[in-house]
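Asker: Fold the following, please.
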Amino acid sequence: QVQLVESGGGLVQAGGSRRLSCVASGLAFPNFVMGWFRQAPGKEREFVAANSKSGEVTEYARSVQGRFIISRDNAKYTVDLQMNSLKPEDTAVYYCAAKPTWGAKGDARTYPHWGQGTQVTVSS
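Answerer: Below is the predicted model:
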């Protein structure tokens, strides 16, 4: 049974930083592309960042480019999202997700495995 468990959410002031972590189990982690998505109240789930299987290739949504960094540790089966210069519009539930291929990495529908999410609230 695949499990993805996020942690690190909480309340942070605008301009601050937060690091989210996701621990995976029940899958061959190095064989999966890992992504982070977020969903704000009343909005659709949106792509934030993705990391290739080796970790060498990353992709970011324009809204977080230059502020967020995705990284993974294939030995520890973890993927992190370092969030800097946070803005109130970054407030959302953040989810990590896993998929077997790099294609369509920004499309949530292509990810078969999801965590339960962790809330990040950025106060102004």
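
Asker: bridging residues for the residue nearest the centre of the chain?
Answerer: Nearest residue to the geometric centre of the chain (Cα atoms, centre = their mean): residue 36, 2.1 Å. Counting by DSSP bridges, residue 36 forms beta bridges with residue 49, residue 96.

Asker: for residue 81, same thing?
Answerer: According to DSSP bridges, beta-bridge pairing links residue 81 with residue 20, residue 70.

Asker: what about it, neighbour count?
Answerer: 27 (other Cβ atoms under 10 Å). In short, each C-beta sits where N, CA and C put it, glycine included.

Asker: My read is that it contacts residue 68, right?
Answerer: Yes - at 6.1 Å, residue 81 and residue 68 qualify as touching, with contact defined as Cβ atoms under 8 Å.

Asker: tell me, what's touching those two both at once?
Answerer: 48, 49 (Cβ atoms under 8 Å, 6 or more residues apart in numbering).
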